[in-house]
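Q: sequence first, then the predicted structure, then my questions.
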Amino acid sequence: MKRTAKEAGYVALGAAEAAVEAVKDQAESLRKTAEQARRAVKDQAESLRKTAERASQAAGKAVQDAAMEGAEVADRARGRARAASTRAVKVGTRVASRAESTARRTVRRAKSTANKSTARAKSTAKKTTARAKSTAKKTTARAKSTAKGSGAKRSTARKSTAKKST
């Protein structure tokens, strides 16, 4: 009887450890996926910045071409091109910045979720192990008690220590 209880305890302990490992693996996979997403967003943000810079350069070139055709037209075009390129750079930078912060937030959330999952699994494993140990101890105690074969059973009722009033 004692041996069976011990074996059951070991089986429960092994199952709990396996569950913790599985949760850790899932958490690590989630972290990696979030990190890859963050990198992809960062690359896209960089691409947007470069596109905005190219647009700015193209606008500058258009201004130069217009300058060759006519000074008055060139002055107006230059102002408009400058404004357009500034707007394009600002918009590109803003979009890139938002994308990066969203990616950072996603990574942070993924890490938090992974840590919570791991902690929850550890807690459950501890409870399961403690329960198995407790059950094994109780079973062993019962077996010992039965093996002793105590003759008279003791009363489990407590005696009152209060004085009787007469």
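A: Arrived safely. Residues are numbered from 1 along each chain as shown.

Q: average pLDDT for the helix or strand encompassing Ala88?
A: If you go by DSSP states H and E, Ala88 is part of helix 71-148. Averaging pLDDT along helix 71-148 yields 82.

Q: packing partners for it?
A: helix 2-69 (3 or more Cβ pairs under 8 Å, 6 or more residues apart in numbering; DSSP states H and E). From N, CA and C alone the C-beta is placed, and that goes for glycine too.

Q: what helices or strands is the helix it packs on leaning on?
A: By 3+ Cβ pairs under 8 Å, 6+ apart, helix 2-69 packs against helix 71-148.

Q: now do the same contact list for Ala34.
A: 106-107, 109-111 (Cβ atoms under 8 Å, 6 or more residues apart in numbering).

Q: same deal with Ala141?
A: So Ala141 contacts nothing (Cβ under 8 Å, 6+ apart).

Q: how close does it get to Ala12?
A: 19 Å (Cβ to Cβ, to the nearest Å).

Q: also Ser29?
A: 26 Å.

Q: do Thr4 as well
A: Distance of Thr4 to Ala12, given as Cβ to Cβ: 13 Å.

Q: can you check Thr139 too?
A: 13 Å.

Q: how about Ala40?
A: Applying Cβ to Cβ to Ala40 and Ala12 gives a distance of 43 Å.

Q: of these two, who's got more company?
A: Between Ala40 and Ala12, Ala12 has the larger neighbour count (other Cβ atoms under 10 Å), namely 19 against 12.

Q: setting aside sequence neighbours, what's the nearest residue to that one?
A: Ala132 (3.8 Å; Cβ to Cβ, 6 or more residues apart in numbering).
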